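Visitor: Got a sequence here, can you build the structure:
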Amino acid sequence: MTGHLVFLLEEPSAKDFLEGILSGILPGGTTVHFLVFEGKQDLEKQLVRRIKGWLLPNSQFIVMRDQDSGECTVIKQRLQSLCTLAGRPETVVRIACRELEAFFTGDWQAVAQAFDKPNLAANDRKAKFRNPDVLGSPSQELRRAIPHYQKRDGARRITAYLVPDRNRSNSFRVLFQTLCGLSRA
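Guide: Have a look, this model is predicted:
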């Protein structure tokens, strides 16, 4: 098992999400570190320097960022090449299709529970949410459903109720499988 999991993240809400999801899958003895940047440009600008400067042995790096309007494969290749340049080609790169909130709109039952709004669970049956990874703006969809929705508060609340087997976001399922695989490595 890797002694240290080091996450390089573009925003604080990703840290909030990961803290919640990791608590249920990581074995004891694994130390988790979060390097949170001020957006995707800051992440890409500092990634090589931060990985090269990391001194703790037995560390596994995971880079996670939103796709936004970019091309997923291009973003992933660029991040992977930066990791290789940093001397860590084995770094795992995961892209949240469109944005982190697709993970939440992939499980409206979790959203309904988190905000104590049972009617929101019906969104799971709507055609537009069958593939949340292609939504133009999942965060806007959440704000339509919950006008006071805030990214960090939402990540903290919703993550506690996410059920991977019912989540319709493929990018969430890939990330979750990766995290489970790292916990067994």
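Visitor: Please make it C-alpha for all contacts and neighbour counts, starting now.
Guide: OK.
Visitor: what about the closest residue to residue 25 other than its chain neighbours, neighbour count?
Guide: In this structure, residue 25 finds its nearest non-sequential neighbour in residue 180, 6.3 Å apart by CA to CA, 6 or more residues apart in numbering. Neighbourhood size, residue 180 [other CA atoms under 10 Å]: 16.
Visitor: Helix, strand, or coil at residue 180?
Guide: Three-state assignment for residue 180 (DSSP: H, G, I helix; E, B strand; the rest coil): helix.
Visitor: I'd like the distance between it and residue 23.
Guide: In this view, residue 180 and residue 23 are 11 Å apart by CA to CA, to the nearest Å.
Visitor: likewise residue 71?
Guide: For residue 71 relative to residue 23 (CA to CA), the value is 31 Å.
Visitor: What of residue 49?
Guide: 29 Å.
Visitor: Looking at these two, which is more packed in?
Guide: Neighbours per residue, other CA under 10 Å: of residue 49 and residue 23, the larger number sits with residue 49, 14 against 11.
Visitor: number of nearby residues for the residue lying closest to that one once chain neighbours are set aside?
Guide: Once flanking residues are discounted, residue 49 sits nearest to residue 86: 7.1 Å by CA to CA, 6+ apart. Counted with other CA under 10 Å, the neighbours of residue 86 add up to 17.
Visitor: quick one: residue 76 and residue 91 touch, right?
Guide: No: in this structure, residue 76 is not within contact of residue 91 by CA atoms under 8 Å, at 11.3 Å.
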